[in-house]
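[1] following is a predicted model, sequence given first.
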Amino acid sequence: MKNAKKYLIVSDLDGTLLTSDNKVTPETIKAVKKVVKAGNIFCIATGRSLKGSIDIYKQLGLNSLLINHNGSYISNPSNPNFNPIELSFSKEIAIKILKNHKVKEIITNAFLEVKGTNYQLRKYENEALREVVLKYYHMDISGDSLQNLKNNPDNLDCDVYAIILYIKEDDSSLFDKLMYHIRNVSPCLQVRMIKIPSIGMMIEVNTFFADKSVGVNYLASYYGIPNDRILAFGDGDNDMRMLSYVKYGFAMKNGRDTAKMSARNITKHTNDENGVAWDLMYFMDNKENIS
């Protein structure tokens, strides 16, 4: 039967496939190319944009589908005839959120991920914040790298994959209030929080269907590979559903507790120790004995 012995391997990037300095090691490249050459499918599933992940996709020599924006955008960079799948939400909802007077009282700034470019609500010169946004979202907020809404949400002219709200204060009660006001605008959005020491909080707003597990489900259908032949690797809160959805979910040794609680397995090594490559090769060498 076609694909009867093929496996689908899906991996997050930051904190998982990549080292702490955002590099993909020669050992990881070798492992990925080896499993692909054997007939398996290897795909990336990341919160990054296409622009922020395409170089790694090319380094790995992939020609598979690519999941970006935590499942909001699925494409095949190697096949221009593949019609991308987009799970954005309307600019009208984004504008309502940014114009809500309660939201405006809480946030310091906002960044919006859209197709082809990104926006910032207002220009914000802060080197520490720029480094954080680069690290987590690979979005440079310096100079003219972002389109500027000039503090007027009505200038937004396209639908949105994600809104990233920056709160300067590290106060969880503000997150609760913000979630309440966002859900009042639209109850069909999911809201995630990332606390960043000395910086504050980044609040990410996506459509409810923007989830890596949904993306993996599509990959399985597209490639015709059943759940009992899917491996997934991840380290963060945005990997939880994906890790629990597949039969062989691997949380990184360096990952968050929430990811580890969601996964069937924990990698023997960290992302700086080629953790994905090590467990992937071990699994492939011993898969006949793994149930």
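    On my side now, so go ahead. Numbering: from 1, shown residues only.
[2] which SSE is the spatially closest residue to residue 137 that is not a sequence neighbour in?
    If the residues on either side of it in the chain are set aside, residue 137 comes closest to residue 164, at 6.3 Å by CB to CB, 6 or more residues apart in numbering. In this view, the C-beta of every residue, glycine as well, is placed from N, C-alpha and C. Under the criterion of DSSP states H and E, residue 164 resides in strand 162-167.
[3] just residue 58 next, same as before
    Going by DSSP H and E, residue 58 is part of helix 54-59.
[4] which residues sit against that helix?
    13, 17, 18, 24, 29, 44, 66, 77 (CB atoms under 8 Å, 6 or more residues apart in numbering).
[5] count the neighbours of the residue nearest to residue 137 for me.
    22 (other CB atoms under 10 Å).
[6] what residues are bridge-paired with it?
    Legend: beta-bridge partners of residue 164 under DSSP bridges are residue 111, residue 204.
[7] make 483 the starting number, not 1.
    Will do, 483 is the new start, and the previous item becomes residue 646.
[8] next helix or strand past the worst-scoring helix or strand of the chain on mean pLDDT?
    Least confident element among the helices and strands of the chain, by mean pLDDT, DSSP states H and E: helix 609-619 (a mean of 78). As assigned by DSSP H and E, the chain's next helix or strand after helix 609-619 is strand 629-630.
[9] direction included, what does that next one pair against?
    strand 600-602 (parallel).
[10] contacts for the strand it pairs with?
    531, 591, 592, 593, 594, 621, 623, 628, 629, 630, 631, 638.
[11] quick check: the first one touching residue 552?
    Just to be clear, that refers to residue 531. No: using CB atoms under 8 Å, residue 531 makes no contact with residue 552, being 10.7 Å away.
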